[in-house]
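Enquirer: Using only what follows, build the 3D model:
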Amino acid sequence: DHPTKESKMSANKMNAFFKPATVAVIGASESKGVGRTLMMNLLKTPFGGCVFPINPKRNAVLGVKAYPSIHACPDKIELAIIAIPAKAVPQCVSDCVDAGVQGAIILSAGFAEMGAPGRALEAEIMQHCARTGMRVVGPNCLGCASVSGLNATFASSMINRGKVAFFSQSGALCTAVLDYSRKAGFGFSAFVSIGSMLDVDWGDLIEYFGQDEGTSAIVMYMESVGNAKKFVEVCQRVTPRKPVIVLKSGRSDAGAKAASSHTGALAGSDDVCDAVFERAGALRVNEIFEAFATIELFSSQPRPRGPRMTIVTNAGGPGVLTTDALAMGGGKLAEISPAAMAEFNSFLPAAWSHANPVDILGDADAIKYARAVEVAIKDANTDAVLCILTPQDMTNPTATAEAIARTAALPEAKGKLFMCSFMGGHDVEEGVQILSRSGIPNFQYPDAAVRVFNQLHKATELVNLLSEPCPECVVPGLDLAAARAEVQRLMEPALRAHRVFMTEYEAKKVLAAYGLPGGQTEVALNPEQAVEWATKFGFPVVLKLHSETITHKSDVGGVKLGLQNGEDVRRAYNEIKESVTAKCGADAFLGCVVMPMIKLKDAYEIILGCNCDPTFGPTVLFGLGGILVEVFKDKALGLAPVNRPFAQRLLAKTKIFKALQGVRGKAPVNIDQLIDVILRFSQLVSDHPLIRELDINPLLCSPDGILALDARIILADLSKVNPAKLSRSAVPSARPLN
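Expert: A predicted model of the protein is given here:
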């Protein structure tokens, strides 16, 4: 988790955006607008550097000497802020590069969002930057601000000093967060409107502030991930030390493209984003409220170590409702330790709850409240403490807040998440202000506090998953070179014939190359060959259509089960041939696939699938399979390849997993064997970018074994896509074939 040599070099260049010694404002003006606001912000909040307005039509801007161009500045410029029309930006960037500028913030709009002409402008900008490696934030952004005092934005105010770095693709959300922070009393270590991410992206910012000692957490509003592999790789280095929280739009996007396989239909783009964040160790939140609350929490509180919470309350009802919210969100009530129980008994009235929630009753005064909170915080069995107060007649919210604030400042309280919910309005207002000044987050409703806590302890779980690295080969003992070569050989006939669908026979051989249990499968080109294979396998057998064009074989009468003898096999072969020829033409029938009829006792039908996302590469889908797969949608998605911890998590996220462990007297499936199958499958799809979709449905799982009954592979259409541009695995350790 230590920064690499490359990341240190990148950080040096990123310093220009947050700790510049010289700043040029290109487009500085005294007329009302962005150029004027920029100048005023830079001058109002001293950052220890010099400001150089660039305006060829003026001698001075706001009393500061102006220069006609970047080349005319007497000092070397480290940061250029560009606020001029889009068409003039490429030449301006070229001038900055020639002048040795380290970084540029392009506030101007009118680039990729305008279509092809705008994309051409962006390409020209990047060509100029490539000459020296000058970095660019934007375009179409609000700018950057940092605790150094730099306010290189056209926002109406400056950030308060804090410990959270906030990045956003929405400038409007930036201004809303900034305004709210001033009212709520929390601040930021940095504030970045990242815009279209032409150059500087999430990975660059996370890397930079991951190394920043003044930043304890990173929160971002994201509309697109950008470079997925870089994002995952950097997050995996940073999240063990600092939480990364993402509010991403698009959760309800109906646009996961309708794919032709079950996996494609299930694995919507937003599900894939969830898998990306999970693999990165980043926590996704779903609402603006959660993002705001998270920023406020991490401004003063540590990350929780686990899901156990102690609730201290003076009212039973809110305690019960909060307990429900905690449990429904995956949290747990902490079990009060014997030592803590004895201490509670020493000063609380006899009628206290003697359990968690710790109901200290409605007449609790400030001293009892503070002492109860102190005992809860010191209890090693708890990971977080929530203090609920309702303004009853004998309650003094102001005195209680003061007492709690003193308790929260004790050395023993450091390192443990503590928050309050002073419920009410006017009666608790002064107490809430005291909590805010003391850096104690307060939520109007306790269930809201618990919702945020549940999100945060899940982030801790994600980080714990990263403790085991993902090697290049996730399957111990697999001859990776041989497996890769065999699959390449098996794909060649389809690729030469420009087929995107592999036959089931070919697909089963692909599975076998990676040690996946596909069973015995052979092709018969006539009825007698079918009988020969059936006799060799032993009856009963199954016959399926062998075709290069038809994938849903049962729809055309292409499947015959339970064939008991040679005559059954001959008849079945001819019936399949006649049915397929009548419905699809003679060219669609190439023979039949013969396989043993295997019945596994107490077997469950599972789907194991892959859909290659155009941005994030191959994913692994696991869930309840069979013909109702798209009805129940009991599934979980992960980025390929998965290592053992992520394979276990994939299983645990589904409802069918409980059944696989044995229910109602049924013996359990061999879970270790199932995990091995998932690992081999994920290795296969991450090794071969030409495989765009792969479904095993059903994968029979029983106490007697695991067997892939059917397999379907769709390859990339190389007549339409350059193989070099196919999406690869976003998992950093994955090394797919070229």
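Enquirer: The stretch 201-350 of the chain: helices as residue ranges?
Expert: Read by DSSP state H, counting those that start in this stretch, the stretch 201-350 of the chain holds these helices, from start to end of the chain: 202-210, 228-238, 262-266, 269-280, 288-298, 316-328, 338-347.
Enquirer: any chance of those in a markdown table, with distance to residue 28 and mean neighbour count too?
Expert: For the C-beta atoms, the positions are set from N, CA and C on the backbone; glycine is no exception. Rendered in a markdown table, the data for these read as follows (distance: least, CB to CB, whole Å; neighbours: other CB atoms under 10 Å):
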| stretch | distance to residue 28 | mean neighbour count |
| --- | --- | --- |
| helix 202-210 | 26 | 25 |
| helix 228-238 | 34 | 23 |
| helix 262-266 | 52 | 22 |
| helix 269-280 | 39 | 23 |
| helix 288-298 | 32 | 21 |
| helix 316-328 | 52 | 17 |
| helix 338-347 | 62 | 15 |
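Enquirer: Could you dump the ones you listed into TSV with distance to residue 309 added?
Expert: As requested, the helices of the stretch 201-350 of the chain are arranged in TSV below (distance: least, CB to CB, whole Å):
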stretch	distance to residue 309
helix 202-210	28
helix 228-238	26
helix 262-266	34
helix 269-280	23
helix 288-298	14
helix 316-328	6
helix 338-347	14
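Enquirer: Any idea which of those helices has the lowest pLDDT on average?
Expert: Per-stretch averages of pLDDT across the helices of the stretch 201-350 of the chain put helix 262-266 at the bottom, with a mean of 46.
Enquirer: Got phi/psi on residue 161?
Expert: Backbone geometry at residue 161, expressed as degrees, to the nearest 10, gives phi -70, psi 130.
Enquirer: ok, and the closest non-adjacent residue to it?
Expert: Ranked by CB to CB, 6 or more residues apart in numbering and with sequence neighbours excluded, the top spatial neighbour of residue 161 is residue 187, at 4.8 Å.
Enquirer: My read is that that neighbour contacts residue 157, right?
Expert: No. Under the criterion of CB atoms under 8 Å, residue 187 lies out of contact with residue 157, with a separation of 11.7 Å.
Enquirer: Out of the helices of the stretch 201-350 of the chain, flag the one nearest residue 573.
Expert: Shortest separation from residue 573 across the helices of the stretch 201-350 of the chain is recorded for helix 262-266, at 28.3 Å, computed as CB to CB.
Enquirer: What is the burial count for residue 486?
Expert: A count of neighbours around residue 486, defined by other CB atoms under 10 Å, yields 16.
Enquirer: So in terms of bridging, what pairs with the residue lying closest to residue 199 once chain neighbours are set aside?
Expert: Ranked by CB to CB, 6+ apart and with sequence neighbours excluded, the top spatial neighbour of residue 199 is residue 136, at 4.0 Å. Per DSSP bridges, the residues bridged to residue 136 are residue 104.
Enquirer: need the contact list for residue 136.
Expert: The contact partners of residue 136, by CB atoms under 8 Å, 6 or more residues apart in numbering, come to 93, 103-106, 125-126, 129, 198-200.
Enquirer: Pick out the most distant pair among those.
Expert: For the contacts of residue 136, with distances taken as CB to CB, the pair at the greatest spread is 105 and 126 (15.4 Å).
Enquirer: Counting neighbours, go ahead and name the busier of the two.
Expert: Between residue 105 and residue 126, counted using other CB under 10 Å, the more crowded position is residue 105 (29 against 13).
Enquirer: Good, wrapping up.
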